[in-house]
Structure formats: structure tokens, C-alpha cells
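Chemist: Sequence and predicted structure are below.
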2 protein chains.
Amino acid sequence: MKRSAAPSARTRVRRLPARAHYDAQAVHAIVDEALSCTIAFEWEGSAHAIPTAHWREGNHLYVHGAKASRTMKALPEVQACVSISLIDGLVLARSAFNHSMNYRAVVAYGRFERVDDPAAKLRSLEAFMERIAPGRWAQLRPVTRKELDATTVLRLALDEASAKIRAWGPKDDAEDLGWPVWAGVLPLEIARLAPRTEADSAVQEAPQAP
Amino acid sequence: MKRSAAPSARTRVRRLPARAHYDAQAVHAIVDEALSCTIAFEWEGSAHAIPTAHWREGNHLYVHGAKASRTMKALPEVQACVSISLIDGLVLARSAFNHSMNYRAVVAYGRFERVDDPAAKLRSLEAFMERIAPGRWAQLRPVTRKELDATTVLRLALDEASAKIRAWGPKDDAEDLGWPVWAGVLPLEIARLAPRTEADSAVQEAPQAP
């Protein structure tokens, strides 16, 4: 699915539309790289913004949580908006006004649906683990039925999603280019530090980063 | 302001309340470390989740944007929820069920107010720059009145805020501790990579990280 126009009015990027991408490939790449998203929804008269881990299968974004969680109970009842953003750098221009950030962001609208079938739920959680630590699922103490029942898995079709990307240096006004100040990008990256093994871990060798 | 109880019902952390912190010091430290937040609000019948850069002055969280932006126009009219999260690590347990993430998160509720006074607005933008690149404000081409007029600055009092922190290894079931799989934390950190100087930058030496 490659498309160049917004799938809905509320998905259309209005500020700086040159940064907008509406094709599934752009959306999926950002969803896949980010570890967590923020879900916005209205519930009991308040807007809520809840951060949570996510993963993707096909054109769906998945989240999970405790069955008893208010968010897990509320989401299938309401329209939600999911926001993902990766901050790639600080963009330092010659004027304060032209400072910016480099980022890759996705916003998706829709309603989450519950994955109720136990086998489908289990497969989804395995896909989540594969995202975090490939090959680990088979090494773990197997999931019990009680654990599975205590876990809610929700998914949102990424039908109404857009990506917004800024990935370049400062755009200064022509008359500012000679201003005697450093101009450029301070890139940021999420780095994995050395693994911290539990004192009582039966295996000492940490998994490789995916 | 040091407090041990939630400032409001919707601010009270219900899932895993042992991870909750309600004192301003804990909230401010997370707000200060994060570069961006996600603002949730209801507008024209949809929940929206908009990521944006933020900074803090005293007990207020500040954001800014183009005067013409829908979000900047909508926010002073509605109740909002601001979510900030720093992902500090992946927590790998012996069972899938006990996997987790280490994180520092803040959720704040309230209504944004516009900072209209031009001098106050300018001081705020200087505080934002100081957060990103200390000492840089004085080196920049000065802000024009037109630029200032085209910029909206909003602030939210952090009166109704809570922090949630997880910062420890896996918590496995006692009977799983001997399971033959690696257990521990894969720490994550936002790293600054080497600055990328613009080809036509009048100054070659990049600013130091704050």
C-alpha cells in the first residue's frame, strides 16, 4: 500500500506538509523502531495520555497490559490516537526562530480491538518478545493459562496513520547565513549500554541486541 | 513541595502504585531530562496525541508552536494531559509474563494558558534555548518582533502531576529463579553523537552538550 495522500481529514498533516508521509512503509518503519508509544483517549471526562510498549504485526499496532488495567478496559470502547516519536537530533540555526528538531513521528487514529482467542494472543506475545529479544521466547519458562488470562492484548489497524519526518540541517533565512555562530545538527540516538546480569541468573551470557 | 499522596483522583497511580511518586522534585527531574512530551486533548470529536518539545520554568511546563497551529489554538480551550516517558532499559525475566521495562514517566493534567506578554514570551524562549544549548541565546541573530508575534507560548502548571518510576531488575516468581535463561536488564540511554556542522557555518566549533 503506497499512497501519497492522507487517508482521512484528521490524519492530514497541516503544519509543514512537506514533512508528511502517508505510505505504509514509512509508517511501519517508525512503528518498528520505537519501543513505546503514547495512547490518547477521552475517558470519564478527561483526556488521557498513556505511554506503553508496542509492537507491530502486518498493518496492526499491538499493545498489552493487565486485564484489570483501566486503560485496557477503556480502549476498546473509545476512539484513540496513538503517537510515536523518535527524536533524532537538535537542529541549531543562526536565529532562535529557525531552531528545530530532527524526528520521525507517527500519529494513528482509530479504535483498538481486543485479541481474545488464546492462541492468537499467545502468538502475539511471542511476536512482541521476538521484537525485544529475538529467539528468547523458546528459552523462557512457558506462559501459563492463568498468566494469559490475566493479560489483555489490543490491536489497532494502521489504516488512518501518517508519518512526519524531519531529517536535515538548519534552514536559515538567507540574510542570516553569515551570522558568527555555530550552525548544524546535534544528533541523538538511543544507545544500548552494557547488559546488567542478575546475580542469580542461571545463564551469564546476555542476549545480543536485535 | 514534597507530598506522598496524589494531588487528584485522576492523578493517582492505580496500576503498581509502589512505582508512584507525587513530589515535585521527582516530577521536575523527569520533565527536565526529557526533550519532548506528548499532549493529549479532545478536539472536534477526536482524541489527539501531539508530540512536541517542552521545557520547564518553576512549576510550569512550557511548549511553543506556530501561532497558526491548530494545537496551539485548541489547547487553551480544553483540558489536556501531558505524558513524558524516558525508557531506561528492557527488563528480561525468566518468564514472558514478568518481562518489563525500566522507565521514568510523568503524567500531568490541566489546562494550558497562553503567555501573551511579549517580554515574558521572549524570556521563556530564552529559557528553552538555555535548556538545549546553554549560552547560545546571546550568540544568535536576535529575535524579531514579527517572529515573536508568529510564535505561541503555552504553559501548564504542574499541580496535578504524578511520576512513575521502575528502576530495578526482573522480579521473577520464586520457582522460576533456576530457569536456564539469561535474566537481567538491557539498559538504554539517549546518546549524543558527533555534531554535524553545516558546510557554510561561520563557526566550526560545536557547542558542548549541556
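Modeler: Happy to help now that I have it. Just so it is clear, the model here is predicted, and its values are computed rather than measured.
Chemist: which residues touch A:A206?
Modeler: By CB atoms under 8 Å, 6 or more residues apart in numbering or on different chains, A:A206 lies in contact with A:P195, A:T197, B:W182, B:G184, B:L186. The C-beta positions use only the backbone N, C-alpha and C, and glycine is treated the same way.
Chemist: residues near the last one, how many?
Modeler: The burial metric for B:L186, expressed as a neighbour count using other CB atoms under 10 Å in any protein chain shown, is 21.
Chemist: same deal with the first one?
Modeler: Close neighbours of A:P195, defined as other CB under 10 Å, add up to 19.
Chemist: Can you lay out the contacts of A:A206 as a markdown table showing distance to A:H99, secondary structure and pLDDT?
Modeler: Formatted as a markdown table, the contacts of A:A206 follow (distance: CB to CB, whole Å; DSSP: H, G, I helix; E, B strand; the rest coil; pLDDT from 0 to 100):
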| residue | distance to A:H99 | secondary structure | pLDDT |
| --- | --- | --- | --- |
| A:P195 | 36 | coil | 97 |
| A:T197 | 42 | strand | 98 |
| B:W182 | 43 | strand | 98 |
| B:G184 | 39 | strand | 98 |
| B:L186 | 33 | strand | 97 |
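Chemist: Reformat those as JSON lines; add distance to A:A18.
Modeler: Shown next, in JSON lines, are the contacts of A:A206 (distance: CB to CB, whole Å):
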{"residue": "A:P195", "distance to A:A18": "41"}
{"residue": "A:T197", "distance to A:A18": "47"}
{"residue": "B:W182", "distance to A:A18": "46"}
{"residue": "B:G184", "distance to A:A18": "44"}
{"residue": "B:L186", "distance to A:A18": "37"}
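Chemist: Grab the longest helix from chain A for me.
Modeler: The helix that spans the most residues within chain A, counting by DSSP state H, is helix A:118-132.
Chemist: Tell me the strands beside the longest strand along chain A, with direction?
Modeler: In terms of residue count, the longest strand belonging to chain A (DSSP state E) is strand A:80-92. When pairs are called by DSSP bridges, strand A:80-92 turns out to pair with strand A:36-43 (antiparallel), strand A:100-110 (antiparallel), strand A:184-192 (antiparallel).
Chemist: hang on, the earlier thing: of all the contacts of A:A206, which comes closest to A:F112?
Modeler: Distance to A:F112 across the contacts of A:A206 (CB to CB) is lowest for B:L186, with 27.8 Å.
Chemist: tell me the contacts of A:I50?
Modeler: Contacts of A:I50 (CB under 8 Å, 6+ apart): A:T38, A:I39, A:F41, A:T71, B:S83, B:V107.
Chemist: Recalculate using a threshold of 6 Å.
Modeler: A:I39, A:T71 (CB atoms under 6 Å, 6 or more residues apart in numbering or on different chains).
Chemist: A:A150 now?
Modeler: Taking CB under 6 Å, 6+ apart, we find A:A150 in contact with A:K67.
Chemist: Next one, pLDDT for it please.
Modeler: Per-residue confidence at A:A150 stands at 97 (pLDDT).
Chemist: Could you do A:M1 as well?
Modeler: Reported pLDDT for A:M1: 39.
Chemist: Output the longest helix of chain A as CSV - backbone C-alpha positions only.
Modeler: Extracted C-alpha coordinates of helix A:118-132, given in CSV (Å, rounded to 0.1, in the frame of the first residue of the first chain):
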residue,chain,number,x,y,z
PRO,A,118,-5.9,-17.5,23.5
ALA,A,119,-3.8,-19.0,20.7
ALA,A,120,-3.8,-15.7,18.8
LYS,A,121,-3.0,-13.9,22.0
LEU,A,122,-0.1,-16.2,22.7
ARG,A,123,1.3,-15.8,19.1
SER,A,124,1.1,-12.0,19.5
LEU,A,125,3.0,-12.0,22.8
GLU,A,126,5.6,-14.2,21.1
ALA,A,127,5.9,-11.6,18.3
PHE,A,128,6.4,-8.9,20.9
MET,A,129,9.2,-10.9,22.6
GLU,A,130,10.8,-11.5,19.2
ARG,A,131,10.9,-7.8,18.8
ILE,A,132,12.6,-7.2,22.1
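Chemist: between it and strand B:80-92, how many degrees?
Modeler: 80 degrees (axes from the mean of the first three to the mean of the last three CA atoms, to 10 degrees).
Chemist: Off-centre distance for helix A:118-132?
Modeler: Helix A:118-132 sits 17 Å away from the centroid of its parent chain (CA atoms, centre = their mean, to the nearest Å).
Chemist: and what of stretch A:68-86?
Modeler: For stretch A:68-86, the distance to the chain centre is 13 Å (CA atoms, centre = their mean).
Chemist: residues of that stretch that come out buried?
Modeler: Buried residues in stretch A:68-86, counted by 16 or more other CB atoms under 10 Å in any protein chain shown: A:69, A:71-72, A:74-75, A:79-86.
Chemist: Chain A: strands as residue ranges?
Modeler: A:20-21, A:36-43, A:46-53, A:55-57, A:60-66, A:80-92, A:100-110, A:113-114, A:151-157, A:160-166, A:184-192, A:196-197.
Chemist: what's the neighbour count on A:K67?
Modeler: A:K67: 12 neighbours (other CB under 10 Å).
Chemist: Distance-wise, check it relative to B:R19.
Modeler: Going from A:K67 to B:R19 by CB to CB, to the nearest Å gives 19 Å.
Chemist: got it, and A:R19?
Modeler: In terms of CB to CB, A:R19 sits 36 Å off from B:R19.
Chemist: repeat for A:C81
Modeler: Taking CB to CB, one finds A:C81 at 25 Å from B:R19.
Chemist: again with A:R10
Modeler: 34 Å.
Chemist: is the closest residue to A:V31 other than its chain neighbours in a bridge, and if so with what?
Modeler: Once flanking residues are discounted, A:V31 sits nearest to A:R56: 4.8 Å by CB to CB, 6 or more residues apart in numbering or on different chains. Counting by DSSP bridges, A:R56 is bridged to A:L61.
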